[in-house]
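> Give me a model of this one.
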Amino acid sequence: MNKKLLFYFTLLLLCISGNFSSQTYQLTGVPINTTGWTMVSPTALGTGGDFIQLTPDTNNQSGSIRLNDPINLKYCDKWRVEFDFRMDSNQTANGDGLAFWYLANPPVASVLGSGLGVSQNAVGLIVGFDTYNNTTTAVMSKVHVAYGQVANTTDNNNVEFFNTAGSSFHSPDMNTTLPFQGTTYKHVEVTAEVNTSIPNTWNIKIMIDGTQICNQPFTASGAAATMTQGYFGFSASTGGNRSRHSIKNVKIYTDKVSLLQPTATQTFCPNPSTGFGTVNLTSFNSQFVANPANYTFTYTVGGTPITTPTNYQFNANTTVNVIVRDNAAVLCDNPDGKIILTLSPFTANNRTLSACNNNGATTATFDLSSANVTAVPGVTKKYYKTLADLNAGTNEITNSNAYVSAPGKVYVKVTTPQGCTGNAEITLVFYPLPVSTDATIESCFIETVPTTALFNLTTANVSTEAGITKKFYTTLANALAGTNEIVNPTAYISSSTDIYVKITGTNSCYIIKKITLKVIPPVRSSVLKDKTICIDDRTTLDAGPGFDGYEWSTGATTSSITDVAVGAYWVRLKTGNCYTLQAVNVKFATSPVISSIDITNNTITVNVSGGVAPYKYSLDGINWQDSNIFTGLPRGENKIFVKDFYNCEPTHIQVTVPNLINAIRLMVIM
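Residues are numbered from 1 along each chain as shown. Okay, here's the model as predicted:
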């Protein structure tokens, strides 16, 4: 390798099983998305956006790209990286090559030197694809592997010269069979699997275009043996020889076991006699993964494994680290779980319970168990009316789920699964009922059935609270039972009576109020009467004062109408918002009838029927008398006139007084 070599990084990591189905990090697509990666100049996105150019085809260049996230391979049984590389140049003297690596100390700037752009004193795993022989200065195509600390400070201590038994590898020169130089991309797969029989050892297989280059164990040497985490990346460099070094289609498989939540927390009360809390750590497993049986859990405190996790005892606040291992070895272990255990003397919390005292009842039904006096799972609770009963353990409330009580207090004794106890006070209060009042609704009578009216019950001003609901019932019993609801409250026909409304507030509590329904009866004129007049006369109809409006069948709108002839009339009388239709008749007076006349000598007695008494009598139609007897009449023809109360045109008859001294009755046939 040329000593002007610069170090180029790309970070890739995969923790999965044989088929590596999940891809966590990658450099793919057009243009390649480099979010989460750091490039060291001159590394840049290549022309067209589909490759990363580590170095241009110029002399003395060094560049790199690395993943920003550090990876702890300690928890991965398997990992793999795939990528395509290309080394092409417009000259035949090519160099120097590129490297893929996993380092504790990746290069953060362009690194001049002879090590493919890798950091000086690099600690970790380096896989180099070398095209320049630093010993012969010839062009070559070799793969180098170093798993340890590579000095990389001179031409003779870089990865090309790293030789540590069990920690290094150098392939034959493949320049004639698999040359690295050329315009065509070559596909590389680097797969590593933990060697379970040798500590700090990976079985690493390297493939180029389907050709196996290496498949053997590598044991970490030197400082690499104590690595806790590292960064994956790529680097490349040129010196006196040059090439354009490019990569693309980089895929890093690094999925680890996914946790439902990273932290589980629980507070415990200490055993009063020992001061220790006791917990079964395995009971938290389902909080980390959905199917705990598919995983193996390891618990540590301060790096020390817990040997009896089902009965772990602690006497101070403790954080337990949880490592979740996939039994199928498909995913990397997840060491991120934590169980935070807190020791605290147990206390129960005072709470207030509210319930409905529906319709103003003096008691309500309370579910005492709903009072959240503690968040500790598995506790038992016992309820008492007084603190004295609680302390004595007597008179326990046995119907705690449906406890009927007035406002007041009860007491609860809480016992945890660990035997810790605490007392709490539960205050019982009523929810507020909707502010409401009885109401009255008045409505005008229905003309066809005057004892009834049409009511809109929803207009009853029983409450102004927002969010209430109202239901209407004919009886208080129905309202309490919620049966036989009035289904047409906006058009309810009823006589004067009381109905009931159930008003339910936003807290589901209700109160019942009375609504008095009043039918406004028809209001008629007491002075408007039928009249009888002479057939050709006129009269006045007067409804009298005191009404808010008048509407006569004649069209008049005054309280009275004049010049009214015989006939049938009506007037619509307004009182408030109600109207009463009152009929009135003007009748013609019937004439009286002279039914008979009694003649005695010269005295005549006139007998009248019909008409309306009292009658008046006359012999000439001018002079009238109240008596129906006329005396001293001359013999011969006499006229008799009669009229009744109405003083209309008189009825008359001509009578002959005979020259006889005798009594005669004349029957008059009209």
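> Find the residue closest to Thr342 in space, skipping its chain neighbours.
Using CB to CB, 6 or more residues apart in numbering and skipping residues adjacent in sequence, the residue nearest Thr342 is Thr267, 4.4 Å away. Using the backbone N, CA and C atoms, a C-beta is placed for each residue, glycine as well.
> which ones are touching Ser618?
When contacts are counted by CB atoms under 8 Å, 6 or more residues apart in numbering, Ser618 touches Trp624, Gln625, Ile640, Phe641, Val642, Lys643, Pro650.
> ranges for the helices of the stretch 1-150 of the chain?
Under the criterion DSSP state H, counting those that start in this stretch, the stretch 1-150 of the chain carries no helices.
> And the strands in it?
For the stretch 1-150 of the chain, applying DSSP state E, counting those that start in this stretch gives strands covering 25-27, 37-40, 44-45, 52-55, 62-67, 78-88, 97-103, 122-132, 139-150.
> Let me see the domain layout of this structure.
The chain breaks down into these structural domains: 25-253, 263-343, 351-430, 439-520, 531-588, 593-667 (assignment by automatic domain parsing).
> Deepest in the core, which of the ones you listed is it.
Across the domains of the chain, averaging neighbours per residue (mean count of other CB atoms under 10 Å) puts domain 25-253 on top, at a mean of 20.
> Can you give me the end-to-end span of that one?
Its start and end residues considered, domain 25-253 measures 7 Å (CA to CA, to the nearest Å).
> any idea how far that domain is from the chain center?
54 Å (CA atoms, centre = their mean, to the nearest Å).
> go on, stretch 520-528?
60 Å.
> List the neighbours of that stretch that are in contact with it.
So stretch 520-528 is contacted by 442-445, 450-451, 453, 541-544, 547, 571, 573, 575-576, 578, 580, 582, 584 (CB under 8 Å, 6+ apart).
> Can you convert the strands of the stretch 1-150 of the chain into a markdown table and add a column each for mean pLDDT and distance to Phe366?
As requested, the strands of the stretch 1-150 of the chain are exported to a markdown table (pLDDT from 0 to 100; distance: least, CB to CB, whole Å):
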| stretch | mean pLDDT | distance to Phe366 |
| --- | --- | --- |
| strand 25-27 | 88 | 58 |
| strand 37-40 | 96 | 62 |
| strand 44-45 | 97 | 70 |
| strand 52-55 | 97 | 70 |
| strand 62-67 | 95 | 60 |
| strand 78-88 | 94 | 60 |
| strand 97-103 | 96 | 65 |
| strand 122-132 | 96 | 67 |
| strand 139-150 | 97 | 71 |
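> Phe630 is nearest to which of the ones you listed?
strand 25-27 (143.6 Å; CB to CB).
> per-residue pLDDT, the nearest residue in space to Asp69 that is not next to it in sequence?
The shortest distance from Asp69 to any non-neighbouring residue, by CB to CB, 6+ apart, is to Gly36 (6.9 Å). Looking at Gly36, its pLDDT reads 93.
> And the helices in the stretch 351-500 of the chain?
387-392, 476-481.
> Those helices into JSON lines, with extra columns for distance to Pro417 and mean pLDDT?
Rendered in JSON lines, the data for these read as follows (distance: least, CB to CB, whole Å; pLDDT from 0 to 100):
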{"stretch": "helix 387-392", "distance to Pro417": "20", "mean pLDDT": "95"}
{"stretch": "helix 476-481", "distance to Pro417": "45", "mean pLDDT": "96"}
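> Please dump those helices into CSV; it should also carry distance to Gly239 for every row.
Shown next, in CSV, are the helices of the stretch 351-500 of the chain (distance: least, CB to CB, whole Å):
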stretch, distance to Gly239
helix 387-392, 87
helix 476-481, 99
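> can you tell which of the ones you listed is closest to Ala293?
helix 387-392 (43.2 Å).
> so where is the protein shaky, pLDDT-wise?
Low-confidence segments of the chain, defined by pLDDT under 70: 1-24, 113-114, 254-255, 272, 329-330, 660-670.
> Report the central residue of it.
Thr506 (17.0 Å; CA atoms, centre = their mean).
> what's the spacing between the residue lying closest to that one once chain neighbours are set aside and Pro489?
Nearest non-adjacent residue to Thr506, counting by CB to CB, 6+ apart: Gly467, 4.2 Å away. Using CB to CB, to the nearest Å, Gly467 is found at 19 Å from Pro489.
> just Asn200 next, same as before
Counting by CB to CB - Asn200 and Pro489 are separated by 85 Å.
> do the same with Gly63
84 Å.
> go on, Val159?
92 Å.
> same thing with Arg244?
From Arg244 to Pro489 the distance is 88 Å (CB to CB).
> Next one: the residue lying closest to Ile397 once chain neighbours are set aside from Leu581, what distance?
Leaving aside its chain neighbours, Ile397 sits nearest to Tyr383 (4.1 Å; criterion: CB to CB, 6+ apart). Distance, Tyr383 to Leu581, using CB to CB: 70 Å.
> same thing with Thr318?
For Thr318, the distance to Leu581 (CB to CB) stands at 94 Å.
> One more: Gly544?
16 Å.
> hmm, back to that, which residues does the residue nearest to Asp69 contact?
Gly36 touches Tyr25, Leu67, Asn68, Asp69, counting by CB under 8 Å, 6+ apart.
> and the two most separated of those?
Checking the contacts of Gly36 with CB to CB, the most distant pair is Tyr25 and Asn68, at 9.7 Å.
> about what we covered before: to Thr228, which of the strands of the stretch 1-150 of the chain lies closest?
strand 122-132 (11.2 Å).
> so that closest one versus strand 97-103, what angle?
Relative orientation of strand 122-132 and strand 97-103, computed by axes from the mean of the first three to the mean of the last three CA atoms, to 10 degrees: 170 degrees.
> Can you name the residues bridging to Leu98?
Phe129, Ala236 (DSSP bridges).
> Roughly how far does Ala556 sit from Gly544?
Taken as CB to CB, the span from Ala556 to Gly544 is 15 Å.
> got it, and Ser369?
74 Å.
> Kindly report the same for Asn195.
121 Å.
> Excluding chain neighbours, give the residue nearest to Thr238 in space.
Using CB to CB, 6+ apart, the closest residue to Thr238 is Gln61 (4.7 Å).
> Let me fix that, I meant to ask about Ser171.
Val143 (4.2 Å).
> Contacts only, for the one you found.
Taking CB under 8 Å, 6+ apart, one finds Val127, Gly128, Phe129, Asp130, Phe169, His170, Ser171, Met174, Ile206, Ile208, Ile213, Cys214 in contact with Val143.
> I'd like to know the beta-bridge partner residues of Met207.
Glu189, Gln212.
> Any figure for the gap between it and Asn157?
Met207 is 28 Å from Asn157, by CB to CB.
> Settle this for me: Thr347 is touching Thr421, isn't it.
No - the criterion here is CB atoms under 8 Å, and Thr347 misses it with Thr421 at 10.0 Å.
> If anything else comes up later, I'll come back, but that's it for now.
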